[in-house]
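Student: Quick one: sequence and predicted model below, then my questions.
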2 protein chains.
Amino acid sequence: MNKKTLFPLAFIPLLSTNLQAQKDLQIERTNKRPNIILFMVDDMGWQDTSLPFWTEKTNYNKLYETPNMERLAQQGMMFTQAYASSISSPSRCSLITGTNAARHRVTNWTLQKDRMTDRKDSLLEVPDWNNNGVSQVPGTNNTFVGTSFVQLLKNNGYHTIHCGKAHFGAIDTPGEDPHHWGFEVNISGHAAGGLASYLGEENYGHTKDGKPVSLMSVPGLEKYWGTDTFVTEALTLEAIKALDKAKKYHQPFYLYMSHYAIHVPLDKDMRFYEKYKKKGMTDHEAAYATLIEGMDKSLGDLMDWLIENGEADNTIIIFMSDNGGLASESAWRDGKLHTQNYPLNSGKGSTYEGGIREPMIVSWPGVVAPSSRCNDYLLIEDFYPTILEMAGIKKYQTVQPIDGISFIPLLKQTGNPSKGRSLFWNMPNNWGNDGPGINFNCAVRNGDWKLIYYYATGKKELFNIPNDISENNDLSSLHPDIVKRLSKELGSYLRKVGGQRPTFKATGKPCPWPDDIN
Amino acid sequence: MNKKTLFPLAFIPLLSTNLQAQKDLQIERTNKRPNIILFMVDDMGWQDTSLPFWTEKTNYNKLYETPNMERLAQQGMMFTQAYASSISSPSRCSLITGTNAARHRVTNWTLQKDRMTDRKDSLLEVPDWNNNGVSQVPGTNNTFVGTSFVQLLKNNGYHTIHCGKAHFGAIDTPGEDPHHWGFEVNISGHAAGGLASYLGEENYGHTKDGKPVSLMSVPGLEKYWGTDTFVTEALTLEAIKALDKAKKYHQPFYLYMSHYAIHVPLDKDMRFYEKYKKKGMTDHEAAYATLIEGMDKSLGDLMDWLIENGEADNTIIIFMSDNGGLASESAWRDGKLHTQNYPLNSGKGSTYEGGIREPMIVSWPGVVAPSSRCNDYLLIEDFYPTILEMAGIKKYQTVQPIDGISFIPLLKQTGNPSKGRSLFWNMPNNWGNDGPGINFNCAVRNGDWKLIYYYATGKKELFNIPNDISENNDLSSLHPDIVKRLSKELGSYLRKVGGQRPTFKATGKPCPWPDDIN
């Protein structure tokens, strides 16, 4: 064999993979897709901020300090009528699947597999709701199966980060782990909807030997154990590390910054505690205020990261809470119960505004007008199609129908998808606490009107929300026509989407639908 | 308002989500998809087992003890001519993307971003190969972008578990993390292709303070630190925990059990060490034998789990190694170098059979005949379409072309996809070690013939593999027609798929393709 080599004169360059990658990179940079941060706070009420979402500045607005929420509002749009469900699981399952709680049937909170969390009721039996939460695959009883928008983001090239509370599916079900939903990174998210401890000194709910003290011990933050790092801070530090990494990937990112704050227990964040004590607040209320400010600092830290890393102009930030502020537990809240969301009535668990109206802000540089305000309503499942549209993902397939409607027209001020639209809530459950508007009811909001129907008694309440934000004046006897119309609409909707209702223990018969009775 | 309730007599049951889920469960159970375990060993040679893959039982077969490989072979089919690339990254990138190494261009090992790992060569310059590995998204230079079969498994309802070595993409690139490839669970997989230590006593390569001692420190096994748990055992225990969890999900699972064993360093697995010392083996060789037996025990433990959990009849097990056994480092291997894969010539890094022929077994109850043997050849990228076909996934989209061909017909003995087929290798790189067939070459196998072409010298070697498994007799001068035919085929293929070649430093010109010269 002739071992001498012939040197070809013509070197023909091939379309190399590297050249292709560089080309792709250029295309991507030209047509840059925005990063998206969904900053979700747990159990935060509409008034748990110095940013006034009402027409008036309340005493709560004066008491709490959330400078970064104010800063975010200056960048973008405040939503004064943003709604969620009244407790966590229904809201978060609506968020991840884009479906209304009446359809997904995760109408109370979830934790352990096949374990109903409802308090026993003497009169009513709760339906066989989806107490195992949502799942991305079939095969598990009492779950609602859905494709998550996060999976769709990932499938379309987004780097997807989960940080904090997940609360999608019960322990030992496929939905328990954020990784199963399309999150590429999971920091401390699992089946639990609460936390055992905020304190690094308490290893976030682990013994010295590293054993969890409860099902709500926060996983994955071992490196902060034994330090004075509050969990809100630890999660923020880890989120920022994940963002530092994300930047190296040259992918747009989706960060679900889902704080455990401001859920009970009301541990004191000592970085802020003395300040609030000096304002004359009780220990509990001062601790509550520190949870809020710690969360707000996290928001500011993320905003600072975006600026320092040149990503501020290309990042959408959505601020939201999953349900109203806790106002029904004297063990945690001081002062008169059910007033902590004033001017809204009641709080977490209630179908009154105090349980479902949330502080919401959206910043989208170049798209959303700075310091703008939107008084149109929307519902938590609307986040699903909205976020996908923000990411430029228009065509996608899901195993479930999507009830949510994109609120991009509200952001761009090009239309009003809430005009004529009805929003629906269904809670055929017994959460546990008592209070105004809490447990065994369903509701519809249409225009200015809101009808609440109570399964146990058949009682119907009608409120004109803009005129009576505190829902003090039941106008049902004055407007039987509206009651009838809304009852019909609510009943029809619940039946259409497979909503559930409780049963009377005495007879074994289901409670009537709202339009079954006058 | 009339608060009296009307009890409707007719209770109309709706198609509930729970009923739907139960229905889905039934469908799934009727048409049950198999679980799949890909048991991948690192750097394991064709003879590193008591199971004879050759026609004769070698001294190595007598020395090593792998009773569980023997057990697996009794259940299924041994493949005597299963091929991979000669080093890890090319093989693993072919596995995860289904493409030939010449196409994906990850032709040497990867670790740090933008850091070539080739040893400097006086004569040749390596091409700008994809030293950042494979990536699931575009945007990173020097990566090959591909859709993984794991993502497709996940998208189709499989619960996907990664355990052990990943080695898909360089540090700080999108491909570095198994979660990014569609794995729902990741146990200890990252960018590194090796490990700092097998020993729990050494915290698998971490200081007492928990700091990694190198980029190859094994992540995620903190709970075994300070114990005498060998890493192979720790990974197996964690894999079994993940399987316990998988069982609760009612999903078919895909477990990629990707052992760090039997890669160097040759730490001693003391569970087996004395036995091999008593056989008269040197310290290094005895340690090597313990790595093999520890890996084999892991296989047995997984097989036992399947039986104990009623999943044995519905689980496919594929046993494979990623390249030949290490035979080129006197620092690790005793005896004459390049003989450790006898009767195969050379070892890891070589295009001779010792570097690329792998021990492979497939057990598929009810489909693959027990104690069967297949002498037809296949290549590592064939795993991609095969595994998808095993999972019943027939239609899928990928961003890359798939070079692999399903070997299901071989398993079912219904056809021979290797008939007339050519297999291709390309390594325009300088791995680092020297030895027969190592560095700067490419090769083609067609039928009985194998042609190796050396870029630096233009030398061509031709072997009749069935007649000369040790590749001692170069028949190129006897069969110039075959040399010409295979040179043409090899050159054409490399150009077609965008294969790369080195450049002469002296002239700056590329080395000729195999068919450029006689």
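Tutor: Yep, that arrived. Numbers count the residues shown, from 1 in each chain, chains lettered A, B, ... in the order given.
Student: where are the low-confidence patches of chain A?
Tutor: Within chain A, the stretches with pLDDT under 70 are A:1-31.
Student: residue closest to the middle of it?
Tutor: Closest residue to the average C-alpha location of chain A: residue A:322 at 3.8 Å, with CA atoms, centre = their mean.
Student: And the helix ranked longest in chain A, what does it pack against?
Tutor: In terms of residue count, the longest helix belonging to chain A (DSSP state H) is helix A:283-308. Packing contacts for helix A:283-308, counted by 3 or more CB pairs under 8 Å, 6 or more residues apart in numbering or on different chains; DSSP states H and E, involve strand A:35-41, helix A:67-75, helix A:231-249, strand A:253-258, helix A:273-278, strand A:315-321. In short, each C-beta sits where N, CA and C put it, glycine included.
Student: can I get the ones you listed in CSV with mean neighbour count and distance to chain B?
Tutor: Output for the helices and strands packed on helix A:283-308, formatted as CSV (neighbours: other CB atoms under 10 Å in any protein chain shown; distance: least, CB to the nearest CB, whole Å):
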stretch, mean neighbour count, distance to chain B
strand A:35-41, 25, 14
helix A:67-75, 19, 27
helix A:231-249, 21, 4
strand A:253-258, 26, 11
helix A:273-278, 16, 31
strand A:315-321, 24, 17
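Student: Adding distance to residue B:113, write these out as TSV.
Tutor: Shown next, in TSV, are these (distance: least, CB to CB, whole Å):
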stretch	distance to residue B:113
strand A:35-41	21
helix A:67-75	34
helix A:231-249	8
strand A:253-258	18
helix A:273-278	44
strand A:315-321	24
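Student: Out of those, flag the one nearest residue B:317.
Tutor: Nearest of these to residue B:317, taken as CB to CB: helix A:231-249 at 34.2 Å.
Student: CA atoms of that closest one as CSV?
Tutor: C-alpha atoms of helix A:231-249 as CSV (Å, rounded to 0.1, in the frame of the first residue of the first chain):
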residue,chain,number,x,y,z
VAL,A,231,-35.5,30.1,54.3
THR,A,232,-36.6,33.0,52.2
GLU,A,233,-33.0,34.1,51.9
ALA,A,234,-31.7,30.6,51.3
LEU,A,235,-34.1,30.0,48.5
THR,A,236,-33.2,33.4,46.9
LEU,A,237,-29.5,32.6,47.1
GLU,A,238,-30.1,29.2,45.4
ALA,A,239,-32.4,30.8,42.8
ILE,A,240,-29.6,33.3,42.0
LYS,A,241,-27.1,30.5,41.6
ALA,A,242,-29.5,28.8,39.2
LEU,A,243,-29.8,32.0,37.3
ASP,A,244,-26.0,32.4,37.1
LYS,A,245,-26.0,28.9,35.6
ALA,A,246,-28.9,29.7,33.3
LYS,A,247,-27.0,32.6,31.8
LYS,A,248,-24.3,30.2,30.7
TYR,A,249,-26.7,28.0,28.8
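Student: roughly how far out does the host helix or strand of residue A:154 sit from the chain middle?
Tutor: In this assignment (DSSP states H and E), residue A:154 forms part of helix A:149-155. A distance of 17 Å separates the centroid of the chain from that of helix A:149-155, by CA atoms, centre = their mean, to the nearest Å.
Student: now the longest helix of chain A against helix A:231-249, angle please.
Tutor: Orientation check (axes from the mean of the first three to the mean of the last three CA atoms, to 10 degrees): helix A:283-308 against helix A:231-249 gives 10 degrees.
Student: Counting neighbours, show which residues of helix A:283-308 come out buried.
Tutor: A:284-303, A:305-306 (16 or more other CB atoms under 10 Å in any protein chain shown).
Student: how about the helices and strands packed on helix A:283-308, which one is nearest residue B:163?
Tutor: That would be, of those and by CB to CB, helix A:231-249, which comes in at 22.3 Å.
Student: Grab the nearest non-local neighbour of residue A:133.
Tutor: residue A:169 (3.7 Å; CB to CB, 6 or more residues apart in numbering or on different chains).
Student: OK, contacts around the one you found?
Tutor: A:110, A:132-135, A:143, A:175-176, A:191 (CB atoms under 8 Å, 6 or more residues apart in numbering or on different chains).
Student: Sort out for me which of those residues are in helices.
Tutor: Among those, no member falls in helices (DSSP H).
Student: Take those residues and write them to TSV, including neighbour count.
Tutor: Listed next are the contacts of residue A:169 as TSV, based on neighbours: other CB atoms under 10 Å in any protein chain shown:
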residue	neighbour count
A:110	33
A:132	28
A:133	31
A:134	31
A:135	28
A:143	32
A:175	31
A:176	28
A:191	23
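Student: Relative to chain B, how far out is the residue lying closest to the residue nearest to the centre of chain A once chain neighbours are set aside?
Tutor: Nearest residue to residue A:322, sequence neighbours excluded (CB to CB, 6+ apart): residue A:91, at 4.2 Å. Separation of residue A:91 from chain B (CB to the nearest CB, to the nearest Å) stands at 18 Å.
Student: Thought residue A:348 was touching residue A:91, still the case?
Tutor: No: if you go by CB atoms under 8 Å, residue A:91 and residue A:348 don't touch, sitting 10.7 Å apart.
Student: Between the two, which contacts overlap?
Tutor: residue A:323.
Student: one step back: what's the helix or strand for the residue nearest to residue A:322?
Tutor: Using DSSP H and E, residue A:91 falls in helix A:88-97.
Student: May I see the buried residues of that helix?
Tutor: So for helix A:88-97, counting by 16+ other CB under 10 Å, buried means A:88-97.
Student: farthest pair in the residues you listed?
Tutor: A:88 and A:97 (14.6 Å).
Student: May I ask you to confirm that the residue nearest to the centre of chain A is in contact with residue A:83?
Tutor: No: Residue A:322 is beyond contact range of residue A:83, at 11.1 Å (criterion: CB under 8 Å).
Student: Now the common contact residues for these two.
Tutor: Common neighbours of residue A:322 and residue A:83 (criterion: CB under 8 Å, 6+ apart): A:358, A:380.
Student: Any residues of the stretch 351-500 of chain A in contact with chain B? List them.
Tutor: A:457-460, A:476-477, A:480, A:483, A:495, A:498, A:500 (CB under 8 Å from any CB of the partner chain).
Student: Narrow those to those in helices?
Tutor: A:480, A:483, A:495.
Student: and the first one, how many residues sit next to it?
Tutor: Meaning residue A:480. Close neighbours of residue A:480, defined as other CB atoms under 10 Å in any protein chain shown, add up to 14.
Student: And for residue A:464, nearest residue in space, chain neighbours not counted?
Tutor: residue A:448 (5.1 Å).
Student: right, and residue A:389 touches residue A:405 too?
Tutor: No: contact status for residue A:389 versus residue A:405: not in contact, 10.5 Å apart, counting by CB under 8 Å.
Student: Of those two, give the one with the bigger neighbour count.
Tutor: Each of residue A:389 and residue A:405 had its neighbours counted (other CB under 10 Å), and the higher figure belongs to residue A:405 (18 against 14).
Student: just checking, the more buried one touches residue A:415?
Tutor: No: assessed by CB under 8 Å, residue A:405 is found out of contact with residue A:415, at 10.9 Å.
Student: three-state assignment of residue A:359?
Tutor: strand (DSSP: H, G, I helix; E, B strand; the rest coil).
Student: Now do the contacts for it.
Tutor: A:41, A:44-46, A:48-49, A:51, A:53, A:69, A:82, A:319-321.
Student: Now do it against residue A:465, distance only.
Tutor: 17 Å (CB to CB, to the nearest Å).
Student: now swap in residue A:74 and tell me
Tutor: In terms of CB to CB, residue A:74 sits 27 Å off from residue A:465.
Student: and what of residue A:309?
Tutor: Applying CB to CB to residue A:309 and residue A:465 gives a distance of 41 Å.
Student: how about the residues of the stretch 51-200 of chain A near chain B?
Tutor: A:104-105, A:113, A:128, A:130, A:137-145, A:155, A:157, A:159, A:172-174, A:177, A:179-180, A:184-185.
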